[in-house]
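A.B. asks: no sequence on this one, just coordinates:
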C-alpha cells in the first residue's frame, strides 16, 4: 500500500483522516539581564500589561517574576486624575480594554476603578 502525501508534506495512509496537530508553545526564559530590566522598569512605574508587551510575556508571567523578586505592589491602582480621565473616556464610549491599555493596567483594574467612581445616578445600563 502506497503512502499518500498529507497537506503538511509528510507521508500518511490513503483515505485516513488527517488530524490537526496541536501547537506547542515553548517556554521563553528571561535572562538575568532581561529580568533586571523588567524589575527596573516596574520600579519606574511601568505597569504589568505594558511590561508583558515589552518583554513578549503573558501578564501572569510578569507578575510571577515580580513576586519572586518581592517587587509586586499589592494592586495596580490609578491615581485620582487617571480615574477621572478613565471615567470621562468610558463616558465617551471607549472600551475598558482600551482604557486599560491607555493607562498600562489590566481592563478589569480599569473597570473596577471606573465603576467605583461612576456617578450612580448617571450610570448607564451597560456598565
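C.D. replies: That came through fine. Here the structure is a predicted model, which is why all the values come from computation and not from measurement.
A.B. asks: And the pLDDT for residue 111?
C.D. replies: At residue 111, the pLDDT value in this model is 94.
A.B. asks: you'd agree it is up against residue 94?
C.D. replies: No - at 11.6 Å, residue 111 does not count as touching residue 94 under the criterion of CB atoms under 8 Å. (C-beta placed from N, C-alpha, C; glycine too.)
A.B. asks: From the neighbour counts alone, determine which of those two ranks first.
C.D. replies: residue 111 (19 against 16; other CB atoms under 10 Å).
A.B. asks: Let me see the ranges of the helices in the protein.
C.D. replies: Assigned by DSSP state H, the chain shows helices spanning 32-43, 48-55, 59-68, 80-91, 96-103, 107-117.
A.B. asks: Need those helices in a markdown table (columns: distance to residue 25).
C.D. replies: What follows is those, written out as a markdown table (distance: least, CB to CB, whole Å):
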| stretch | distance to residue 25 |
| --- | --- |
| helix 32-43 | 18 |
| helix 48-55 | 15 |
| helix 59-68 | 12 |
| helix 80-91 | 33 |
| helix 96-103 | 23 |
| helix 107-117 | 23 |
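A.B. asks: between those helices, which gets nearest to residue 21?
C.D. replies: Closest approach to residue 21 among the helices of the chain (CB to CB): helix 59-68, 24.8 Å.
A.B. asks: Pull out the buried positions in the closest one.
C.D. replies: 61-63, 65-66 (16 or more other CB atoms under 10 Å).
A.B. asks: for that helix, packing partners?
C.D. replies: Helix 59-68 sits against helix 32-43, helix 48-55, with contacts defined as 3 or more CB pairs under 8 Å, 6 or more residues apart in numbering; DSSP states H and E.
A.B. asks: now the shortest one and helix 32-43, what's the angle there?
C.D. replies: Yep, that's helix 48-55 we're talking about. Angle, helix 48-55 to helix 32-43, by axes from the mean of the first three to the mean of the last three CA atoms, to 10 degrees: 150 degrees.
A.B. asks: tell me what helix 48-55 is packed against?
C.D. replies: helix 32-43, helix 59-68.
A.B. asks: How is this structure divided into domains?
C.D. replies: Following automatic domain parsing, one gets these domains for the chain: 32-68, 80-122.
A.B. asks: With that, I have no additional questions.
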